[in-house]
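**Q** Below: sequence and its predicted model.
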Amino acid sequence: TIALLKRHGYAGLRTAAIADEAGVSRGALLHHYPTKDALILSSVEFVMRRARAGALRRLRRVEEGVDAFAAIIDDARQFFFSADFGVVLDLVLMGGKNPEFRRHIVRYARKNRLPVETAWRKLLERRGLEPEQAGLLLDLTLNTVRGASIRALWQRDEPAIDRMIIAWRDMLDLYLDHHGIKWLAKPR
């Protein structure tokens, strides 16, 4: 379903094509998913759970002494620049015509992405940041990468994206130095 959404978008998605792609009969598909929206919502929930699992695996691999913000940026790039995020974003925006559909998509996104962001914030706190600073710097970092991913929808310029993220890291390092924060500090 997600692969076909990537290729054809919501409007061009046909349940018969999904059944063909999955190698099941249309009747079997309709038995499990009586509507196109039910199938799409189930698929979105699946990709959001998969993204959460991948992010939490990356987070667990961040060892002491590893640059936490570099790991956060890497995770954010993998999530926000993925085709799955593009599909979910498209469905959220399309959901303005169907508020109930949009509400489900947003709920799946929150259910699966907010735990990742909470885990990154807790890592920053263990590294010595106060909770308010950890939340602020995490939000600014994620918003920078997310903004770059949205801009890439109409202007995909990898060198410019890299320059922007490097500039953000420089500003982040200046902020941390100004506040006497050693972001590679050992966990408390």
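**A** Perfect, thanks for sending it.

**Q** When you work out contacts or count neighbours from here on, use the C-alpha atoms and nothing else.
**A** Fine.

**Q** Look up phi and psi at residue 12.
**A** When read as degrees, to the nearest 10, the backbone of residue 12 gives phi -90, psi 0.

**Q** Tell me which residues touch it, please.
**A** residue 5 (C-alpha atoms under 8 Å, 6 or more residues apart in numbering).

**Q** So which residue is dead centre in the protein?
**A** residue 79 (3.8 Å; C-alpha atoms, centre = their mean).

**Q** which SS class is that residue?
**A** Classification of residue 79 using DSSP: H, G, I helix; E, B strand; the rest coil returns helix.

**Q** Next up, identify which helix or strand the residue of the chain most remote from its centre is on.
**A** Using C-alpha atoms, centre = their mean, the residue of the chain lying farthest from its centre is residue 27. It sits 33.4 Å away. Element membership for residue 27 (DSSP states H and E) is helix 26-32.

**Q** Would you mark the buried spots in that helix?
**A** Buried residues in helix 26-32, counted by 16 or more other C-alpha atoms under 10 Å: 29-30.

**Q** Count the residues that sit near residue 155.
**A** 11 (other C-alpha atoms under 10 Å).

**Q** What distance do you get for it to residue 4?
**A** Distance of residue 155 to residue 4, given as C-alpha to C-alpha, to the nearest Å: 23 Å.

**Q** report the longest helix in this protein, please.
**A** helix 99-126 (DSSP state H).

**Q** tell me which strands and helices that one is in contact with?
**A** Packing partners of helix 99-126 (3 or more C-alpha pairs under 8 Å, 6 or more residues apart in numbering; DSSP states H and E): helix 36-60, helix 68-80, helix 83-94, helix 131-151.

**Q** Against which helices or strands is the shortest one packed?
**A** When you say that, I think you mean helix 83-94. helix 2-8, helix 99-126.

**Q** run the last query once more with 7 Å
**A** Contacts defined by 3 or more C-alpha pairs under 7 Å, 6 or more residues apart in numbering; DSSP states H and E place helix 83-94 against helix 99-126.

**Q** For whichever strand or helix holds residue 169, give the mean pLDDT please.
**A** In the assignment (DSSP H and E), residue 169 maps to helix 158-178. Per-residue pLDDT over helix 158-178 has a mean of 92.

**Q** Return the distance of that helix from the chain's centre.
**A** Computed by C-alpha atoms, centre = their mean, to the nearest Å, the chain-centroid distance of helix 158-178 equals 20 Å.

**Q** Ok, stretch 85-103 next?
**A** 15 Å.

**Q** Equivalent analysis for stretch 145-162, please.
**A** 15 Å.

**Q** Now do it: everything it contacts.
**A** The contact list for stretch 145-162, computed with C-alpha atoms under 7 Å, 6 or more residues apart in numbering, reads 76-77, 80-81.

**Q** Rebuild those as a markdown table, extending it with distance to residue 138, neighbour count and pLDDT.
**A** Converted to a markdown table, the contacts of stretch 145-162 look like this (distance: C-alpha to C-alpha, whole Å; neighbours: other C-alpha atoms under 10 Å; pLDDT from 0 to 100):
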| residue | distance to residue 138 | neighbour count | pLDDT |
| --- | --- | --- | --- |
| 76 | 10 | 21 | 95 |
| 77 | 14 | 16 | 94 |
| 80 | 15 | 19 | 94 |
| 81 | 17 | 18 | 93 |
